[in-house]
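need a 3D model of the following:
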Amino acid sequence: MQTVKMVVTGPFNAGKTEFIQTVSEIDVVATERKITSEAERIKETTTVAMDFGRITVDDNLVLYLFGTPGQKRFDFMWEILSEGMLGFIVMVDSTRPETFREARSILETFRAYAPTPYVVAANKQDSPDAWAVDDMRIALRLDPSVKLLPCVALDKESVKNVLLELLYSILEEMEANSRK
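Presented below is the predicted three-dimensional model:
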């Protein structure tokens, strides 16, 4: 049985918890706490340590999904959660361009932790005020080789597509390494 650890990261309120809850076959282990700061009251709760979900792809493959906290004050958890990851997803809220710079910074941080495959998920693409994926690529200063995928974290097929793209990248890298 092969297990693959994937990390789902991104700014506060980008949709990381919903993403994991949408596909996990187990009840997601979540460390949600009520938000006390008025400045952050976009939603009622925030992840303070991690979210954990699991997906059995087939008899030979299980994915473990670890969601990071999005708030800067909990970023000490990022390095801990990145230990042993085979790939990561950066979730970006397509409706909140004010978070794009932070998303870019998080992407660079995780690339520094481990040179693993990654994809960027442009979440909330179902919203009328979502930025187009091509415009987001420019705003995020992403290389054309980086997979920037449209996503709706509450839609199971959308989430599966993002996970499959990351899984394909991980498997390609594993095959390339085994040939060396």
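
which residue sits closest to residue 14, ignoring its sequence neighbours?
residue 91 (4.0 Å; CB to CB, 6 or more residues apart in numbering). From N, CA and C alone the C-beta is placed, and that goes for glycine too.

help me confirm that that neighbour is found in a strand?
Yes. Using DSSP: H, G, I helix; E, B strand; the rest coil, the assignment for residue 91 is a strand.

does it touch residue 12 like I think?
No. Between residue 91 and residue 12 there is no contact under CB atoms under 8 Å: 10.6 Å.

quick one: which of these two has more around it?
residue 91 (28 against 20; other CB atoms under 10 Å).

all strands for this protein, in order.
2-9, 29-34, 45-58, 61-67, 87-93, 118-123, 148-150 (DSSP state E).

quick one: mean pLDDT for the third one?
If I follow you right, that is strand 45-58. The average of the pLDDT scores along strand 45-58 is 75.

how many neighbours does residue 66 have?
Residue 66, neighbours per other CB under 10 Å, totals 24.

can you give me the separation between it and residue 175?
As defined by CB to CB, to the nearest Å, residue 66 lies at a distance of 24 Å from residue 175.

circling back to that earlier point, so the residue nearest to residue 14 bridges to which residues?
Note on residue 91: beta-bridge partners by DSSP bridges are residue 121.

burial count for the residue lying closest to residue 131 once chain neighbours are set aside?
Nearest residue to residue 131 in three dimensions, chain neighbours excluded: residue 94, at 5.0 Å (CB to CB, 6+ apart). Look at residue 94: counted by other CB under 10 Å, it has 26 neighbours.

so what pLDDT did residue 94 get?
In this model, residue 94 carries a pLDDT of 98.

isn't residue 56 right up against residue 24?
No. Checked against CB under 8 Å, the pair residue 56 and residue 24 is beyond contact range at 10.5 Å.

of those two, which one has the most company?
The neighbour comparison of residue 56 against residue 24 (other CB under 10 Å) goes to residue 24, with 19 against 12.

what distance do you get for the nearest residue to that one once chain neighbours are set aside to residue 138?
Ranked by CB to CB, 6+ apart and with sequence neighbours excluded, the top spatial neighbour of residue 24 is residue 53, at 3.0 Å. Applying CB to CB, the value for residue 53 to residue 138 is 32 Å.

TSV for the strands of the chain, including distance to residue 109?
Converted to TSV, those look like this (distance: least, CB to CB, whole Å):
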stretch	distance to residue 109
strand 2-9	8
strand 29-34	20
strand 45-58	16
strand 61-67	15
strand 87-93	10
strand 118-123	12
strand 148-150	18
